[in-house]
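Student: Would you be able to build a 3D model of this:
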Amino acid sequence: MATKKHPKGAVLELPEPVVGHHDVADRQPTILGVLGKLAVFVLCIFFGWFTQSQFIIRLKNIQSQMFPSHDDAAPRLDLGTFYSSVKENDLCRGPYGNLTSFSGHIGLNGDSDDDPKRSFFWYFQAQEDHENAPVILTFGGGPGSSGLFNPLSGQSPCRIAANGTIEFNPYAWTTKYNLLALDHPIGVGFSYGQHVNNSEDAAADVYGFLQKIFTIFPYLARNKLVLAGGSYGGIYVPTIATEIHEQNKAIATGHGLVGAQHLNLEALLVSNPITDIISYFEWILYYRCELHEVYNSTTCSNLYRALPGCLSALDIATSSVPSIENKVAATKLCSPLDEADTHGTVVEDIRRKCTPDSSGSTLACAIPTGGWLADYLGSNETKSALGVPLDLDWTVWRKSVGDEFAAHGDIVRRGHLLYEPLLADGIRLLHYIGIQDANCAWPGTLAFLKLIRSPFQADFIAGADVPWEGHNATVRVVGPGAGNMTYALVDGAGHFVIESQTKLVRELIGHFIDNIPFM
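Tutor: Take a look at the predicted model:
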């Protein structure tokens, strides 16, 4: 692939459209979706099948009556009996003690006591009309980052503070929306048991999780569903959305998984993502060498010489020969472009300088609140309140999960292609990007957004980034209201926009979810 060095101050142009294989596993689930979850839930309560903090939902006999004609060999969700430990906790009740949240584990398909596979969640109810409010499913990045980081950094009513304490957050998303935080995939945070090593299998797990938790909180199934993620979540979001969308279409034609119900997927919220690996590396040096001096001139010269080989390897690994071996080899070939010496500049926020710790790790530089979070979530008091076994440890990032995904070459994909059918079918997409982030920098994001072949492509390419009055951000909107395809650039923010611009992000996502024009 031919490349060029981008002159300083150059306008970001549309890269050539890419025609290649969509890196998505084909799934063709079958049979009808389930109805009447609410009635089943009430029956379970009536017969006393719940304990205070741990219960098993037993629906097999009822389901066999509801679906008597299904082929026993048909793919199905295991909604008949699944592990669930759910409790209301008092950790995040707000200054007036009137806020409600629930937490616990859900056993996924294949789970057993001897060989568990259990996702941890923390569900914060909306303060206003929670039975009808949209539900936002939020998860971390990494891969390996806990889904509790963003909720405790500005999404939920409580926010991490010094010395492992929490304080009230007045700009919580939960004023109007239900927030469902998930440690995703298994192995991350408090989720434990059988691991997966790729985003497609992980997305199938999320689909099963949603189906199961919606039997526990059946009103959520009726409401709009919004997915929210960032960083590696830029891969998770379109992959999970695709899984949900394909399953919804299968249900509509009578070929859905036995026991599954339609999920009202409405919108996607993505911050500072890695989504299209080619756009990422094609523009990384433009940000780190041209727009900013993250790398010095010698490093930049050396890396520009290595760039064509990197892009060629990625092209092979994502199109002509998309094998795991080629993906892993391409990652190793390209990694020097991402891992060169920054001379103390923190790539997650180039305004900051930081020195690695004694082990050479820069994790504390990237996530300064990680230690506070570990102190808070790692305490026995917090674990007990959340319903977490005391022998489970918590870390903001689980290296072993990241290593497993890397060994599968999971990051090497053209994830933006998944947005094309989603946008075409009316699912709305917001990207909001912190300008000071050199990790997943805005030029690469804007590049892949321009490549998305959708009804909005031409208008998006021709669109302008218009100042959002009264806010430290610009917006590019295509579509009515807040847009079907919207891109916001946020100044004064790095990789973790929610941390540094909490109020602005709450207003931004509120406009988008409620489809209120920005101007």
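
Student: quick one: contacts for Gly164?
Tutor: Each residue near Gly164 by C-beta atoms under 8 Å, 6 or more residues apart in numbering is listed here: Trp372, Leu373, Ala374, Asp375, Tyr376, Ser379. From N, CA and C alone the C-beta is placed, and that goes for glycine too.

Student: Any quick ChimeraX command for the buried ones out of these?
Tutor: Per 16 or more other C-beta atoms under 10 Å, the buried members of those correspond to this ChimeraX selection:
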select :372,373,374,375,376
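
Student: Tell me how this protein divides into domains.
Tutor: 37-277+414-513, 278-374 (automatic domain parsing).

Student: which of these has the lowest average pLDDT?
Tutor: Comparing mean pLDDT across the domains of the chain, the weakest is domain 37-277+414-513, with a mean of 89.

Student: Specify the local secondary structure of Pro308.
Tutor: Counting by DSSP: H, G, I helix; E, B strand; the rest coil, the backbone at Pro308 sits in helix.

Student: any idea how far it lies from Glu290?
Tutor: 17 Å (C-beta to C-beta, to the nearest Å).

Student: What of Thr362?
Tutor: Distance from Thr362 to Glu290, by C-beta to C-beta: 23 Å.

Student: Which of the contacts of Gly164 fall within helices?
Tutor: Trp372, Leu373, Ala374, Asp375, Tyr376 (DSSP state H).

Student: quick one: which of those is nearest Glu507?
Tutor: Set against Glu507, the nearest of the ones in helices among the contacts of Gly164 by C-beta to C-beta is Leu373 (25.0 Å).

Student: which residues does that closest one contact?
Tutor: Taking C-beta under 8 Å, 6+ apart, one finds Ser146, Leu148, Phe149, Leu152, Ile160, Gly164, Trp394, Val396 in contact with Leu373.

Student: Just give me the closest of those residues to Cys92.
Tutor: Set against Cys92, the nearest of the contacts of Leu373 by C-beta to C-beta is Leu152 (8.9 Å).

Student: Surely the closest one touches Cys158?
Tutor: Yes - with contact defined as C-beta atoms under 8 Å, Leu152 counts as touching Cys158 (6.7 Å).

Student: Need the overlap of contacts for these two.
Tutor: Ile166.

Student: Turn the ones in helices among the contacts of Gly164 into JSON lines, columns for distance to His130.
Tutor: Shown next, in JSON lines, are the ones in helices among the contacts of Gly164 (distance: C-beta to C-beta, whole Å):
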{"residue": "Trp372", "distance to His130": "29"}
{"residue": "Leu373", "distance to His130": "26"}
{"residue": "Ala374", "distance to His130": "30"}
{"residue": "Asp375", "distance to His130": "30"}
{"residue": "Tyr376", "distance to His130": "25"}
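
Student: What is the subsequent helix or strand relative to the helix or strand hosting Thr331?
Tutor: If you go by DSSP states H and E, Thr331 is part of helix 324-339. Later in the chain than helix 324-339, the nearest helix or strand by DSSP H and E is helix 363-366.

Student: That next one packs against which elements?
Tutor: Packing partners of helix 363-366 (3 or more C-beta pairs under 8 Å, 6 or more residues apart in numbering; DSSP states H and E): helix 370-377.

Student: Export the helix it packs on to PDB, keeping only CA atoms.
Tutor: The C-alpha trace of helix 370-377 is given here as PDB (Å, rounded to 0.1, in the frame of the first residue of the first chain):
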ATOM      1  CA  GLY A 370      -6.300   2.800  39.100                       C
ATOM      2  CA  GLY A 371      -4.700   2.400  42.600                       C
ATOM      3  CA  TRP A 372      -7.700   4.100  44.200                       C
ATOM      4  CA  LEU A 373     -10.100   1.800  42.400                       C
ATOM      5  CA  ALA A 374      -8.100  -1.300  43.400                       C
ATOM      6  CA  ASP A 375      -8.200  -0.200  47.000                       C
ATOM      7  CA  TYR A 376     -11.900   0.400  46.900                       C
ATOM      8  CA  LEU A 377     -13.000  -2.600  44.900                       C
END
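
Student: Distance from that helix to the middle of the chain?
Tutor: Relative to its chain's centre, helix 370-377 lies at 21 Å (C-alpha atoms, centre = their mean, to the nearest Å).

Student: Report the next helix or strand after it in sequence order.
Tutor: With DSSP H and E, the next secondary element past helix 370-377 is helix 380-386.

Student: mind listing what's buried in that next one?
Tutor: Buried residues in helix 380-386 (16+ other C-beta under 10 Å): Thr382, Lys383, Ala385, Leu386.
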